[in-house]
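**Student:** Predicted structure and sequence below. I'll ask about it afterward.
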Amino acid sequence: MSHQTENETFFSNEVSWGMLSNTSLYGGLLLSGDDYHSAAIGIGQNMLWLGALSFDVRGPVVTLILSRTSGA
């Protein structure tokens, strides 16, 4: 078994902001070379004794390289 690694650049970032006393906005980026990019943005609400509720939207972009091989 052999493994190959590529020297791809990887970047991850997340930010959040406590907008009001019980509400927060958040978002982030995930980048991996030229093959994968993803962004997210959302809002979270403290529901006191019920915990927290959040909603977010994510948008990934993926580039796949498919290769065909044939064997004898």
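**Tutor:** Yep, that arrived.

**Student:** What pairs with the helix or strand where residue 44 lies, parallel or antiparallel?
**Tutor:** Per DSSP states H and E, residue 44 falls inside strand 36-46. Strand 36-46 pairs in its sheet with strand 23-32 (antiparallel), strand 52-62 (antiparallel), by DSSP bridges.

**Student:** what's the most buried one of these?
**Tutor:** strand 23-32 (a mean of 15; mean count of other CB atoms under 10 Å). Quick note: C-beta positions are derived from backbone N, CA and C, even for glycine.

**Student:** any chance of the strands paired with strand 36-46 in CSV, plus distance to residue 40?
**Tutor:** What follows is these, written out as CSV (distance: least, CB to CB, whole Å):
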stretch, distance to residue 40
strand 23-32, 5
strand 52-62, 4
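
**Student:** Show me which residues of the strand holding residue 44 are buried.
**Tutor:** 37, 44 (16 or more other CB atoms under 10 Å).

**Student:** Run through who's touching that strand.
**Tutor:** 22-31, 52-63 (CB atoms under 8 Å, 6 or more residues apart in numbering).

**Student:** Try it again at 10 Å.
**Tutor:** 8, 10-16, 18-32, 52-64 (CB atoms under 10 Å, 6 or more residues apart in numbering).

**Student:** before we move on, the earlier item: now mean pLDDT and distance to residue 44 too, for the strands paired with strand 36-46, in a markdown table please.
**Tutor:** Formatted as a markdown table, those follow (pLDDT from 0 to 100; distance: least, CB to CB, whole Å):
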| stretch | mean pLDDT | distance to residue 44 |
| --- | --- | --- |
| strand 23-32 | 95 | 5 |
| strand 52-62 | 94 | 4 |
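
**Student:** what residues are up against residue 50?
**Tutor:** Residue 50 neighbours (CB under 10 Å, 6+ apart): none.

**Student:** low-scoring stretches of this structure, by residue?
**Tutor:** 1-3, 5-6, 67-72 (pLDDT under 70).
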